[in-house]
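> With the sequence up front, the predicted model follows.
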Protein chains: 2
Amino acid sequence: MTVWDRPDPPARPAPLDRERIVAAAVELADEGGLPAVSLRKVAARLDAGPMRLYGYIATKEELFDLMVDAVHAEILPERSPGDWREALRGRAHRTRQATLRHEWLADLLGGRPALGPNALAVGESTLAAFDGLADIGTVQRAVETVSAYVTGAIRREIANLRAERATGLSTSDWQRASGPHLTRMLATGRYPALARLVHEGTEVDAEATFTTGLEWVLDAVAAKLAPPA
Amino acid sequence: MTVWDRPDPPARPAPLDRERIVAAAVELADEGGLPAVSLRKVAARLDAGPMRLYGYIATKEELFDLMVDAVHAEILPERSPGDWREALRGRAHRTRQATLRHEWLADLLGGRPALGPNALAVGESTLAAFDGLADIGTVQRAVETVSAYVTGAIRREIANLRAERATGLSTSDWQRASGPHLTRMLATGRYPALARLVHEGTEVDAEATFTTGLEWVLDAVAAKLAPPA
DNA sequence: GCTCATGTCGATACACTGTATCGACAGATG
DNA sequence: CATCTGTCGATACAGTGTATCGACATGAGC
């Protein structure tokens, strides 16, 4: 047997751990959205067989939970927020920014209870900013109301972004009846208020839209924390 | 050839139309969630081959769009809402009710622009209630802010419902650290505010939760429609 | 009536998915 | 050395969305 004929030694299995798995999955999702995340593909990124992933997760859904928690690390504040309003505002904006970096998060936001360490830390940081300000029920209502708004607003923004990308048109263009379907529907005369809105509405920057709605909801919370005498 | 040997005449293809397809898909989704909706299964419900569906839809995603629009028929108000607040409130509650009847709607809410006839009619009805009340931008902000809240709140409610169902525990029980994972996490002492909330929080009826948040957001809108002098 | 063109349909196929299963192999233990 | 245990990759299975193609029915024209 010459040295050229000698078979390679059995390769050691690639190192595998939860962090690597999640990072590979996030990478795939960032490239192609959630449909691009298959266990085979994740494993291939790690030079492993797909069944190895089952040592770390029981189902693909758990992998998605881990991915959501990983992104929550990007949502954690760098320092303690000053007050409750800053805490909620900051969290909302960081969530939006994280979602713009990882669009697939919009597909998962609010879909499952987020119980990972990073998500819990985000929740803790938010709650801590309300310390002593109101009864527990009001605090809970406040946090959940803002959080609900954030979830819904981000989903809509990403949905519009995708529609825009799919049609090659800008948001205002396709909203302004450039899409043949909506043009036809509005031409029926059955939706006069909608037609007026589409025709007269001005394009508002997505961030400004998000921020305005957020401030409105924060105002509502403020009114409940310090109810008028 | 005797009559017993005579083959049956070729069966006429089952009648197929968009409504039937959507109804079958909604039925399947109501029974098993979105994962239960496969084109094969939908077609089987209609005694057709799956490829026939492609005469009506281009992708499975379009089928989901049609399903969402079908449910919007249940969200349309039966009569003209009295005022803007009633319009938004009614729409929110009907959306929640529709989602409780069709849980899968929570998975699709806000995920794609809703442009079907029913969804447009819902939008039209809502906008009409603001007629003459404010400039178009403010109206749009108002409708979208409430809608964002509704989307997020419903998603959270359904997520909790599913978690409850998966663990066999009630919402407050599993939030109250009955789940081993959350128990362990809270026992670390890293989340004191969260622990306090879980420990001291009282169970609030899901509908009351939804309604309280909704009224807060509606209050915020009211403040913008009639700004203080 | 016959022929041809067109449209519809179902069967088959393909590439892919999540996940179950099993044999091979390495390492640890006695 | 023999046995046991754990890990791993290959294989398999059932299922998915969607492409493709042959069979068949129908309509139009002659």
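Arrived safely.

> The residue in chain A that DNA strand C sits nearest to and A:His181: what is the separation?
Across chain A, the shortest distance to DNA strand C (CB to the nearest atom of the strand) belongs to A:Ser38, at 3.3 Å. Heads up, the C-betas are built off the backbone N, CA and C, glycines and all. From A:Ser38 across to A:His181, the span is 32 Å (CB to CB, to the nearest Å).

> Around the residue of chain A closest to DNA strand C, how many other residues sit close by?
A:Ser38 is flanked by 13 other residues according to other CB atoms under 10 Å in any protein chain shown.

> and what of the one 5 residues further on?
Around A:Ala43 sit 19 other residues, with neighbours defined as other CB under 10 Å.

> so it is in which element?
Per DSSP states H and E: A:Ala43 is located in helix A:39-45.

> The helix or strand that that helix is followed by: which residues count as buried?
On the C-terminal side of helix A:39-45, the closest following helix or strand by DSSP H and E is helix A:60-72. Within helix A:60-72, the residues scored as buried using 16 or more other CB atoms under 10 Å in any protein chain shown are A:Leu63, A:Phe64, A:Asp65, A:Leu66, A:Met67, A:Val68, A:Asp69, A:Ala70, A:Val71, A:His72.

> Outside of stretch A:36-47 itself, list whatever touches it.
A:14, A:16, A:20-21, A:24-25, A:27-29, A:49-50, A:52-53, A:60, A:63-64, A:67 (CB atoms under 8 Å, 6 or more residues apart in numbering or on different chains).

> So which residue is dead centre in chain A?
A:Leu105 (3.1 Å; CA atoms, centre = their mean).

> Return the residues in contact with that one.
Counting by CB under 8 Å, 6+ apart, A:Leu105 has contacts A:Val68, A:Val71, A:Ala98, A:Thr99.

> Save these as CSV, and put in distance to DNA strand C and pLDDT too.
CSV is the format used below for those (distance: CB to the nearest atom of the strand, whole Å; pLDDT from 0 to 100):
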residue, distance to DNA strand C, pLDDT
A:Val68, 16, 98
A:Val71, 19, 98
A:Ala98, 23, 98
A:Thr99, 22, 98
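
> before we move on, the earlier item: export the buried residues of helix A:60-72 to CSV and tack on distance to A:Ala142?
Shown next, in CSV, are the buried residues of helix A:60-72 (distance: CB to CB, whole Å):
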residue, distance to A:Ala142
A:Leu63, 32
A:Phe64, 28
A:Asp65, 26
A:Leu66, 29
A:Met67, 28
A:Val68, 23
A:Asp69, 23
A:Ala70, 27
A:Val71, 23
A:His72, 20
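
> check whether the biggest helix by length in chain A contacts DNA strand D.
Taking DSSP state H as the criterion, chain A has its longest helix at helix A:136-167. No - Helix A:136-167 stays clear of DNA strand D (CB under 7 Å from any atom of the strand), getting no nearer than 13.9 Å.

> got the angle for that helix vs helix B:136-167?
Interaxial angle, helix A:136-167 versus helix B:136-167 (axes from the mean of the first three to the mean of the last three CA atoms, to 10 degrees): 110 degrees.

> so for helix A:136-167, what's the average pLDDT?
Averaged over helix A:136-167, pLDDT sits at 94.
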